[in-house]
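1. Got a sequence here, can you build the structure:
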Amino acid sequence: MKFSCCLFMTIVVFAGSANAVELRPIEVKTGTEGLINAPLSLANKGAEPMACHADLAHWYSTQLATVSPGTQSLVDLWFDPQDGTFSLLNDKQEQMAVESLWCGIDGRAYETRAALLLDRSAVPTPRLVECAADNGKMVCR
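-> Predicted structure coming up:
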C-alpha cells in the first residue's frame, strides 16, 4: 500500500512538470495562392437526409454538410497542383489537407458511408456527386 501511494505521488509530481515540445518547426500554409478551386456539389437524390464528412491530415475530421432530400450543398475544395493535395480552408484560412471524403445516411453516416474519390493525378474541375440511400447504405456517383 505504501509503495502504491509513493508511486502515485511520484507520477503526479512529474506529470505536472511535463510539457509537450515540438522538435521541428511546422509550416502552416494559408490562403489560396497557387491553389486551384475545385468546387464539389453534393446532391441528395434519396429520401433520407445525408451527412458528408472529410477526414483530414493528423487524425482530424470535419462534417462538410447535412443535405436534405432533393437538395444539394456546395463544398469549396482547393487543389495544389505542385503536390496533389486537396484542402479545405478553416476560419483562419489555414489549409487543412483532405485525406478522404465520404457521405452516409444522417445519424448513421459512418456505418452507411460511401467513399468519394479524389483524383490527385489531374487538374480538377467542378464536380457534381449524386447520392441516395439504397438498402441501408449510401451510394454515390
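
2. V67: how many residues sit nearby?
-> 22 (other Cβ atoms under 10 Å). No exception for glycine: its C-beta is placed from N, CA and C like everyone else's.

3. same deal with K45?
-> 17.

4. residues in contact with it?
-> Residues in contact with K45 (Cβ atoms under 8 Å, 6 or more residues apart in numbering) are G70, E130, C131, A132.

5. Identify the bridge partners of the last one.
-> In this structure, A132 has the following beta-bridge partners (DSSP bridges): V139.

6. From L23, how far out is the residue most central in space within the chain?
-> Centroid-nearest residue in the chain, with Cα atoms, centre = their mean: A54, separated by 2.4 Å. A54 sits at a distance of 28 Å from L23 (criterion: Cβ to Cβ, to the nearest Å).

7. show me where pLDDT drops low in this protein?
-> Low-confidence segments of the chain (pLDDT under 70): 1-22.

8. ok, now with 50
-> 7-8, 10, 12-13 (pLDDT under 50).

9. what about the strands in it?
-> For the chain, the strands defined by DSSP state E cover 36-37, 40-44, 50-56, 60-67, 72-75, 78-80, 85-89, 95-105, 114-116, 127-134, 137-140.
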